[in-house]
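A.B. asks: Give me a 3D structure for the following:
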Amino acid sequence: MSINNVQPLSAQDLFDLLKAEFPPYINDQLRSNLAVEFAHVADIVNISFPEIIDGNAYTIIVGEDNLELTDHTIEGTYDTELLEQHLVEFLTLKAG
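C.D. replies: Next up is the predicted model:
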């Protein structure tokens, strides 16, 4: 999935933004207290939810004009569609 990077955010800016603002955002949306972990290397940011999904859940590749989101989740382990929906909303809000 591609999201326009209008701001534009660098990979480091996105990583810092995700670390600071995404956990409270997703937990507020889901009325939960999920642990969210992030990893950043070059233009790639990985997002994982270690309590509910084994391994890397999502990868974001940051380009000049867009953010490419890849879903690594396996159906049936959790409502990953809802997680992805809120992640896309957050990225659209911050990058668009």
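
A.B. asks: so how far is stretch 1-10 off the chain centroid?
C.D. replies: Chain-centre distance of stretch 1-10: 13 Å, with CA atoms, centre = their mean, to the nearest Å.

A.B. asks: Likewise for stretch 65-85?
C.D. replies: 8 Å.

A.B. asks: Next: stretch 20-39.
C.D. replies: 10 Å.

A.B. asks: again, but for stretch 53-67
C.D. replies: For stretch 53-67, the distance to the chain centre is 7 Å (CA atoms, centre = their mean).

A.B. asks: ends of that stretch, how far apart?
C.D. replies: End-to-end distance for stretch 53-67, by CA to CA, to the nearest Å: 22 Å.

A.B. asks: quick one: contacts of it?
C.D. replies: Outside of stretch 53-67, the residues within contact range by CB atoms under 8 Å, 6 or more residues apart in numbering are 2-5, 8-11, 14, 39, 43-49, 68-73, 77-78, 80, 83-84, 87, 91, 95. No exception for glycine: its C-beta is placed from N, CA and C like everyone else's.

A.B. asks: Where does pLDDT dip in this structure?
C.D. replies: Along the chain, segments meeting pLDDT under 70 span 75-78.

A.B. asks: Strands of that one, start to end?
C.D. replies: Using DSSP state E, the strands of the chain run over 2-4, 37-41, 44-48, 58-62, 66-71.

A.B. asks: Would you give the sheet partners of the longest one, along with the direction of each?
C.D. replies: So that's strand 66-71. strand 2-4 (antiparallel), strand 58-62 (antiparallel) (DSSP bridges).

A.B. asks: List the buried residues for it?
C.D. replies: 66, 67, 69 (16 or more other CB atoms under 10 Å).

A.B. asks: Leaving out sequence neighbours, find the closest residue to the residue most central in space within the chain.
C.D. replies: The centre of the chain sits closest to residue 87, judged by CA atoms, centre = their mean, with a distance of 5.0 Å. Excluding the flanking residues, the one nearest residue 87 by CB to CB, 6 or more residues apart in numbering is residue 58, at 6.3 Å.

A.B. asks: Looking at strand pairing, list the partners for the one you found.
C.D. replies: Bridge pairing for residue 58 - DSSP bridges - gives residue 47, residue 71.
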